[in-house]
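Colleague: Got a sequence here, can you model it:
(chains A and B)
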Number of protein chains: 2
Amino acid sequence: MNSTRDIDALIDLMARLPGLGPRSARRAVLHLIRKRALLLTPLADMMQQVAATARECLNCGNVGTSDICDICNSEKRANGELCVVEDVADLWAMERSGVFKGRYHVLGGTLSALDAVGPQELRIPQLIDRVAGENISEVILALNATIDGQTTAHYIADQLEDKVRLTSLAQGVPIGGELDYLDDGTITAAMRARKSL
Amino acid sequence: MNSTRDIDALIDLMARLPGLGPRSARRAVLHLIRKRALLLTPLADMMQQVAATARECLNCGNVGTSDICDICNSEKRANGELCVVEDVADLWAMERSGVFKGRYHVLGGTLSALDAVGPQELRIPQLIDRVAGENISEVILALNATIDGQTTAHYIADQLEDKVRLTSLAQGVPIGGELDYLDDGTITAAMRARKSL
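Modeller: Predicted coordinates for the structure are as follows:
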């Protein structure tokens, strides 16, 4: 490589982002250098700023720029519903749908015996504290429909049984889904949970 | 979106990189925030540094951190061969192969009547000056095997005819290529340029 040390170092760092490999990192860096004023400088500045200010909400685990995030701060969202998600990306996905008006609890992963992730490594004790302390009427387990996600959901359900109303997301045919392209498990779940019209 | 303004702004900027869309930008930003000390801060610093120091080589158009790039500065590479490429990514690709020991000339694009890109918009006048001024014995046209690339190669060949030896990259079956998966054009080119063993 003839490009000088800094540019190589930048490519190496970019290649460590999820979704970018060495090839796309090179392409991105060339693009950045070409659009220096429009993109590279603003991006560098914004990264500095986020590095300085981003933090986890002490209450729910969401990412924001204050110790308590906007959702936990908003009185409007204290409707007694608590949505449990695996990580912040899931919280953002829920927020984009706009359907949920309550508050969140981000676990930070799923239980996994193989990876030695137990309840203490996740935010499960904090969840139990919140259910006891905040005025929570319903806990919605919005965990991924994977084996680890469902194992975690079962564990949490065991812990919170009899303390609060527990629900989970419905499983079935996704909107726009074509039966021909769906897996057997989804069709089975949708059939079992069929509703009368 | 509940994430605060800075994080949203960072996601928007990241989504403008080639190869990243809104979804992968969100994923990358979450990854960056999680690996703040290990990745976000070094990346921000390195971007600042590259934004401050990166520049185009005044001679060949390569990207580096000095007015004349390392290749143009190196006496070892003054072997009389000049490789003409479309852009810096192509130069880097040539350098990775390690097969070429001469110097480069980066055009910065291809001629395109549709996009109103003429010889003056590219570094073609500088190329003609270099062939006249530097001690160049061979110009290798390493342009992409696309219509625009080949149009540009023909134009440059017309300009430099009789002034210097002109060559272009061989066309044929790529190493590891399977005939069954090759397009007709490549097979035709490889057949026409067949060599005796």
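Colleague: only C-alpha atoms for contact and neighbour calcs from this point on.
Modeller: OK.
Colleague: nearest spatial neighbour of the residue of chain A found nearest chain B, skipping sequence neighbours?
Modeller: Taking CA to the nearest CA as the measure, the point where chain A comes nearest chain B is residue A:44, at 4.7 Å. Across the structure, with CA to CA, 6 or more residues apart in numbering or on different chains as the measure, the residue nearest residue A:44 apart from its sequence neighbours is residue B:44 (4.7 Å).
Colleague: go on, residue A:104?
Modeller: Taking CA to CA, 6+ apart, and ignoring the residues beside it in sequence, residue A:104 has residue A:83 as its nearest neighbour in space, at 4.6 Å.
Colleague: so what's that neighbour up against?
Modeller: By CA atoms under 8 Å, 6 or more residues apart in numbering or on different chains, the contact set of residue A:83 is A:102-105, A:139-142.
Colleague: do the same with residue A:64
Modeller: Residue A:64 makes contact with A:54-57, A:70, B:3-4, B:7, according to CA under 8 Å, 6+ apart.
Colleague: rewinding a little: mind checking what secondary structure the residue of chain A closest to chain B has?
Modeller: Counting by DSSP: H, G, I helix; E, B strand; the rest coil, the backbone at residue A:44 sits in helix.
Colleague: Give me the distance between it and residue A:28.
Modeller: Between residue A:44 and residue A:28 the distance, using CA to CA, to the nearest Å, works out to 14 Å.
Colleague: Pop the domain breakdown of chain A in here.
Modeller: Described in terms of automatic domain parsing, the domain architecture of chain A consists of the residue ranges A:5-52, A:78-168.
Colleague: Out of these, indicate the one that is most buried.
Modeller: Of the domains of chain A, the one with the most neighbours on average (mean count of other CA atoms under 10 Å in any protein chain shown) is domain A:5-52, at a mean of 19.
Colleague: returning to what we had before: what distance do you get for the residue nearest to residue A:104 to residue B:121?
Modeller: Per CA to CA, residue A:83 is found 57 Å from residue B:121.
Colleague: just residue A:121 next, same as before
Modeller: Remark: distance between residue A:121 and residue B:121 (CA to CA) = 58 Å.
Colleague: ditto for residue A:60
Modeller: Residue A:60 sits 55 Å away from residue B:121, going by CA to CA.
Colleague: neighbours around residue A:170, how many?
Modeller: Counted with other CA atoms under 10 Å in any protein chain shown, residues neighbouring residue A:170 total 10.
Colleague: can you give me the strands in chain A?
Modeller: With DSSP state E applied, chain A shows strands at A:55-56, A:63-64, A:81-85, A:103-106, A:138-141, A:165-168, listed in chain order.
Colleague: Please tabulate those strands in TSV, including the columns mean pLDDT and distance to residue A:32.
Modeller: Converted to TSV, the strands of chain A look like this (pLDDT from 0 to 100; distance: least, CA to CA, whole Å):
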stretch	mean pLDDT	distance to residue A:32
strand A:55-56	90	27
strand A:63-64	90	26
strand A:81-85	95	35
strand A:103-106	95	34
strand A:138-141	94	41
strand A:165-168	93	44
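Colleague: Of all those strands, which one is nearest residue B:21?
Modeller: Ranking the strands of chain A by distance to residue B:21, with CA to CA as the measure, places strand A:63-64 first at 20.5 Å.
Colleague: circling back: looking at the domains of chain A, which is closest to residue B:39?
Modeller: Residue B:39 lies closest, by CA to CA, to one member of the domains of chain A: domain A:5-52, at 7.0 Å.
Colleague: Now do the helices in chain A.
Modeller: A:5-14, A:22-34, A:41-53, A:70-73, A:88-97, A:124-133, A:147-160, A:184-192 (DSSP state H).
Colleague: what stretches of chain A score poorly on pLDDT?
Modeller: Within chain A, the ranges that satisfy pLDDT under 70 run A:1-3.
Colleague: Wait, the residue nearest to residue A:44 touches residue A:47, no?
Modeller: Yes - contact status for residue B:44 versus residue A:47: in contact at 5.4 Å, counting by CA atoms under 8 Å.
Colleague: Brilliant, that's me finished.
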